[in-house]
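Novice: Quick one: sequence and predicted model below, then my questions.
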There are 2 protein chains.
Amino acid sequence: MAPRSKPGSTMRDEGIDRFIEAWGRMGSVWGISRTMAEVHALLYVTGEAMCTDDIMARLEISRGNASMSLRALLDWGIIARAHRRGDRKEYFQAEQDVWSVFRAIVRERMKREIDPLLVNLHEIRDHTREDGEKATADLDKRLDAMIDFFETATGLGNRFIGPSGPGLRLAATLLSGPHKADKAAKGRRSRERTR
Amino acid sequence: MAPRSKPGSTMRDEGIDRFIEAWGRMGSVWGISRTMAEVHALLYVTGEAMCTDDIMARLEISRGNASMSLRALLDWGIIARAHRRGDRKEYFQAEQDVWSVFRAIVRERMKREIDPLLVNLHEIRDHTREDGEKATADLDKRLDAMIDFFETATGLGNRFIGPSGPGLRLAATLLSGPHKADKAAKGRRSRERTR
DNA sequence: GAAAAGTTTCAGTATGTTCTGAAAGAGATG
DNA sequence: CATCTCTTTCAGAACATACTGAAACTTTTC
């Protein structure tokens, strides 16, 4: 082992950096700004409460950007404000339970995107229904199928984020059971089985 | 002009336009280009097989754009090529079963995003493990929690897209059933249809 | 094998998003 | 109430992504 100026911290920092990068990429693919995801990654993975300046320094971003990202994360409910006695700065801390984080994300995205879409789809469908034309009937059928899908998905989502969320967590763990041992054989075998 | 003027077609076209718009917006929020989503919306909701020129005209987009979007949709496996006898053009048709569409989407996104992320997370975790430092242990713990979450999610996803997928569809319907009984029942009732 | 019909590629341009830095705002402190 | 510390806002700059149109390519037809 070679001597180091900061024993331990190099490896740790490297891990943190790599996680931040991975998480940032993930975010940008899923419609969350890269920086916002990176700020969350930093707070989550270190578990520490940090102030704006800490975050600015660590991620090398501007004050404005840091401020906006933090605000957005607060809106999503996946980080919280924290204070230190005798310090006027605001500190921020990430929710530490991964399942809570994802419940919050699902809740927000459903509220912001799926629900309005569903309203929209209903409007369109109701409107096309009024049209007596035969040619419109097939369109109607497809809209129905789509609405039905999203209503089922919404139902599932509500289960996930609702009071019995933790229960669903268990269900998910059980349902996804055989993923580690095997994918092909197990899936095929359990096809015709009832529980 | 068209051989016959259809009084109902205005309403139908309006419905189609509205659906395309809604679906396009949805796509752009979820990291799919707006146009790609619009092309899919058009093909799905009309149910017709269309050629590149039809699509260009309907959505007022360039040939290049149409070509790229169609190619991407083919890659995702949610539209298919089709041909008409005595016509050299290629036609494209959307998968009509909504559940198949979403299975395809889940399959692709898992393959492209979750799987590489998981590999990445494992690498990072294994690397931080080697570090014996106490300060790194907490980081390790959090990485583990995250990995665990994504492995469960992946397991669930595989169930959804796998051979027993349709079974999971039923499970989803049942699971989401009694949560919002009023809303769900209403939608389901008005949709009863023979095949 | 040349013309016709159709499809893909790609450099340049348009459009949209995110980031910065300075300035204004908000709240504590002496 | 003037000042100091920290936070938020916002116009414009930097960056990223999507789109166009024309040229290159491929396949079919005669």
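Specialist: Alright, I've got the coordinates.
Novice: Alpha carbons only: can I get stretch A:111-128 in CSV?
Specialist: Output of stretch A:111-128 as CSV, limited to C-alpha atoms (Å, rounded to 0.1, in the frame of the first residue of the first chain):
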residue,chain,number,x,y,z
LYS,A,111,-49.6,14.0,-10.2
ARG,A,112,-47.8,16.0,-12.8
GLU,A,113,-48.0,13.8,-15.8
ILE,A,114,-50.3,10.8,-15.7
ASP,A,115,-53.3,12.5,-14.1
PRO,A,116,-53.5,15.4,-16.5
LEU,A,117,-52.9,12.9,-19.4
LEU,A,118,-55.8,10.8,-18.2
VAL,A,119,-58.1,13.9,-17.9
ASN,A,120,-57.1,14.8,-21.4
LEU,A,121,-57.7,11.3,-22.8
HIS,A,122,-61.2,11.2,-21.2
GLU,A,123,-62.0,14.5,-22.8
ILE,A,124,-60.9,13.4,-26.2
ARG,A,125,-62.8,10.1,-25.9
ASP,A,126,-66.0,11.7,-24.7
HIS,A,127,-65.7,14.1,-27.6
THR,A,128,-65.2,11.5,-30.2
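Novice: tell me which element the residue in chain A that DNA strand C sits nearest to is part of?
Specialist: In chain A, the residue that lies nearest DNA strand C is residue A:64 (2.1 Å; Cβ to the nearest atom of the strand). Every C-beta, even on glycine, is put in place using the N, C-alpha and C of the backbone. Assessed by DSSP states H and E, residue A:64 sits inside helix A:63-76.
Novice: Next one: that helix, is it in contact with DNA strand D?
Specialist: Yes: Helix A:63-76 reaches DNA strand D (Cβ under 7 Å from any atom of the strand) through A:63, A:64, A:67, A:68, A:70, A:71.
Novice: what residues go with each domain of chain A?
Specialist: A:11-94, A:98-165 (automatic domain parsing).
Novice: end-to-end on the longest one?
Specialist: From its first residue to its last, domain A:11-94 covers 22 Å (Cα to Cα, to the nearest Å).
Novice: again with stretch A:80-91
Specialist: For stretch A:80-91, the first and last residues are 8 Å from each other (Cα to Cα).
Novice: how about the residues of chain A near DNA strand D?
Specialist: A:28, A:51-53, A:63-64, A:67-68, A:70-71, A:87-90.
Novice: rerun that using 10 Å as the cut-off
Specialist: A:25, A:28-29, A:34, A:51-56, A:62-72, A:74, A:81, A:83, A:87-92 (Cβ under 10 Å from any atom of the strand).
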